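> Prediction below, plus the sequence it came from.
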Amino acid sequence: MSWILPVFLDRVDGRVPSNVLGIATWAIQDSNCERDAPRVILRRWALRPFRVMTSQQIDTGATARTRIAWRLLPFLFLLYIANYLDRTNIAYATLGMKGELGLSDSIFGTASGIFFIGYFALQVPGALLVERWSARRLLALTLITWGALTGLTAFVRTPVQLYGARFLLGAAEAGFFPGVIVYLSHWFLDRDRGKAVARFMAAIPIGFIIGGPIAGSLLQVQWLGLTGWRWLFLLEGAPAILFGMATLFFLPDWPREARWLTREESDWISTNLAQERQAKAHLERLSVWQALRHPSVLILTAGLFFTYSGGYAFWFFEPTMLQRLTGWSVQRVSWMGPIVFGAGLAGMLVFGWSSDRMRE
């Protein structure tokens with residue numbers, strides 16, 4: 001492990017400025033930076049490898065990390081909201097589809113689940129393409145493709161057509177989430193990545209919270225001879241296409257390509273990310289298939305399988321169950337159903353903060 005010793009060569013007393021304590025202390029948590037001068041810390045960590053940093057370098061790093069977070073995370077957050085709107089809008093659309101197309105609960109369940117066959121098949125290739133091709137191009141391609149497929153779902157008339165549309169939608173969305181996770185590793189240091197992922201994934205409950213009322217409103221319309229559920233697919237697919245086009249211009253692949261970072265900031269983040277990768281170079285390198293068979297991966301996969309099995313069953317069927325149990329109108333169901341996801345939002349942010357804080 002590499003330890004950063006914050007020796008401030010431009011300060012006579014050698015003490016750590018108070019405005020950078022939070023940054024400087026992450027690697028020397030057993031030291032009191034208010035009380036201990038760096039030479040005291042040096043004696044305490046005499047057997048540890050360290051490198052010397054000036055306060056200007058610390059300030060450059062703080063600015064770079066803040067600028068990256070504010071530039072990338074809000075945009076990625078919006079992309080993920082669009083992703084979940086298009087993935088789960090069938091939960092509300094079914095309130096209108098079932099009567100018009102004569103869909104049974106089993107047909108709806110199959111259509112909801114078949115999405116994940118295509119999704120599962122292309123997730124790993126999508127993540128690899130981010131590393132070996134271009135995150136910007138891959139994310140743009142997935143957004144435009146799934147937006148178009150969501151819009152085309154508005155014109156299905158048979159269960160088989162619905163199955164096909166959902167399968168293709170899953171395949172189109174497959175590379176997005178793993179692609180973004182890999183993309184974040186190009187920009188965020190290990191100590192920042194947990195918070196970054198949590199803020200990005202907060203789009204999931206937000207997508208449900210805002211998606212319900214939007215769907216409820218659209219299900220009431222009858223424009224140009226098309227019923228509300230068809231307009232739901234058409235209008236919620238359009239933002240993904242627009243975001244995909246914007247991604248080509250807004251997301252650089254690497255820090256050195258970011259015009260909104262200064263040269264010093266770009267060099268700082270690139271150097272620190274490279275040092276983190278170098279520190280892990282001694283770890284055993286696994287092929288893709290070896291990694292997929294690793295016990296830790298299998299345990300995490302099993303846990304996620306059971307989590308998502310229950311989670312998606314609830315997400316997809318909640319509007320239908322709520323309407324049947326209460327007799328509420330579509331409009332009321334669309335407003336009351338998303339309330340539970342507020343708790344999910346709070347939990348994701350708290351555990352993301354805890355992950356970075358506890359180095360988990």
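That came through, no problem.
> any idea how far Arg263 lies from Gly244?
In this view, Arg263 and Gly244 are 30 Å apart by CB to CB, to the nearest Å. Quick note: C-beta positions are derived from backbone N, CA and C, even for glycine.
> Pull out the buried residues from stretch 188-200.
By 16 or more other CB atoms under 10 Å, the buried positions in stretch 188-200 come out as Phe188, Leu189, Asp192, Arg193, Gly194, Lys195, Ala196, Val197, Ala198, Arg199, Phe200.
> If you could redo that for stretch 270-290, that was the one I meant.
For stretch 270-290, by 16+ other CB under 10 Å, it's Ser270, Asn272, Leu273.
> Correct me if wrong: Ala171 contacts Phe120.
No: with contacts counted by CB atoms under 8 Å, Ala171 stays clear of Phe120, the gap being 9.5 Å.
> neighbour-wise, which of those two wins?
Ranked by neighbour count (other CB atoms under 10 Å), Ala171 and Phe120 place Ala171 first, with 22 against 12.
> Break this protein into its domains for me.
As assigned by automatic domain parsing, the chain contains the domains 3-52, 64-358.
> average model confidence for the last one?
When pLDDT is averaged along domain 64-358, the result is 90.
> now swap in the first one and tell me
Averaged across domain 3-52, pLDDT comes to 44.
> Redo the buried residues of stretch 188-200 as a markdown table? Include distance to Leu300 and secondary structure.
Output for these, formatted as a markdown table (distance: CB to CB, whole Å; DSSP: H, G, I helix; E, B strand; the rest coil):
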| residue | distance to Leu300 | secondary structure |
| --- | --- | --- |
| Phe188 | 21 | coil |
| Leu189 | 22 | coil |
| Asp192 | 22 | helix |
| Arg193 | 16 | helix |
| Gly194 | 15 | helix |
| Lys195 | 20 | helix |
| Ala196 | 19 | helix |
| Val197 | 14 | helix |
| Ala198 | 17 | helix |
| Arg199 | 21 | helix |
| Phe200 | 19 | helix |
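> Distance to Val130 added to the residues you listed, as JSON lines?
As requested, the buried residues of stretch 188-200 are exported to JSON lines (distance: CB to CB, whole Å):
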{"residue": "Phe188", "distance to Val130": "14"}
{"residue": "Leu189", "distance to Val130": "18"}
{"residue": "Asp192", "distance to Val130": "19"}
{"residue": "Arg193", "distance to Val130": "15"}
{"residue": "Gly194", "distance to Val130": "19"}
{"residue": "Lys195", "distance to Val130": "21"}
{"residue": "Ala196", "distance to Val130": "16"}
{"residue": "Val197", "distance to Val130": "15"}
{"residue": "Ala198", "distance to Val130": "20"}
{"residue": "Arg199", "distance to Val130": "19"}
{"residue": "Phe200", "distance to Val130": "14"}
